[in-house]
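Colleague: Provided below are the primary sequence and the corresponding predicted coordinates.
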Amino acid sequence: MTSFACRTRNETGSVIEKVIQANSKREALSLLQRDGLFPISVSAVAVAEYVAGNPQEASRGSGQTLLTAKQKKKGGSKVSRKELMQFSLQLSGSLSAGIPILGALKSVRSLTKNPNFKRVLAGICVDLESGISLSESMEKHPRVFPAVYTGTISAGEKSGTLDNMLENLAEYLEADMEVRSDLKSAIMYPAIVVITLCIAIVVLMVFVVP
């Protein structure tokens, strides 16, 4: 095995430097992605040389690294339902047009404005290139892709109807947003009435009753 000195970023954008053991640079990239890290640079180097140039201890395990408690937090950064709905529609449209899944995902990634979501999609692309399925890669990011989402994607992969499943997910997310919006509106009016009554009572007790 070869030692690779890696400079990476985690889901929060923090820079992490580490050394991992891998048979190839491709395998090293796969190990980094498995740990939820996104490579900035990866180069073969002797472990002793890396540790000598870095006052912190370098990690030698298969993708294992020394992280703070905050850096160990996994699962990706939160993505809004609207962004996830748009992603589902865009990916569904690309697949329906006959574009291969990897090319479609890269195309959608280029259109994504959320930098955190863009990093997650970049990691998924790396997973797909290494042979991991889309649903398995999405399961690494539960804060971005809920369990019901990844489960539906898995069903679509097995049945060969991934484009239809993505379209169904987009419709589900849109309906969910509408329900939440209606619920907020329904709660807001009584809340405003109650607050107004409370203010009126306070005014009466302070300025009128005395």
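Modeller: It's in.
Colleague: any buried residues in stretch 156-175, and which?
Modeller: Residues of stretch 156-175 classed as buried: 156-157, 162-163, 165-167, 169-170, 172-173 (neighbour count, 16 or more other C-beta atoms under 10 Å). Heads up, the C-betas are built off the backbone N, CA and C, glycines and all.
Colleague: what mean pLDDT does it get?
Modeller: For stretch 156-175, mean pLDDT rounds to 91.
Colleague: what does it contact?
Modeller: With contact meaning C-beta atoms under 8 Å, 6 or more residues apart in numbering, stretch 156-175 is reached by 81-82, 84-86, 88-89, 91-92, 95-96, 101, 133-135, 149, 152-153, 155.
Colleague: what residue ranges in this structure score low on pLDDT?
Modeller: For the chain, residues meeting the criterion pLDDT under 70 lie at 1, 45-77, 181-182, 185, 209-210.
Colleague: how about the helices in it?
Modeller: For the chain, the helices defined by DSSP state H occupy 25-34, 47-52, 81-96, 101-111, 115-129, 134-138, 147-159, 162-203.
Colleague: so which of those gets nearest Gly13?
Modeller: Closest to Gly13 of the helices of the chain is helix 115-129 (C-beta to C-beta; 8.0 Å).
Colleague: who are the packing partners of that closest one?
Modeller: helix 25-34, strand 38-44, helix 101-111, helix 134-138 (3 or more C-beta pairs under 8 Å, 6 or more residues apart in numbering; DSSP states H and E).
Colleague: contacts for it?
Modeller: 9, 11, 13, 29-30, 33, 36, 38, 76-77, 79, 83, 87, 101-102, 105-106, 108-109, 112, 134, 136-138, 140-141, 144.
Colleague: out of these, which are buried?
Modeller: The buried subset of those - by 16+ other C-beta under 10 Å - is 11, 29-30, 33, 36, 38, 76-77, 79, 83, 87, 101, 105-106, 108-109, 112, 134, 136-138, 140-141, 144.
Colleague: apart from its neighbours in sequence, what residue is nearest Thr2?
Modeller: What sits nearest to Thr2 in space, not counting adjacent residues and going by C-beta to C-beta, 6 or more residues apart in numbering, is Ala44, at 5.1 Å.
Colleague: list the contacts of the one you found.
Modeller: Here Ala44 is in contact with 2-5, 25 (criterion: C-beta under 8 Å, 6+ apart).
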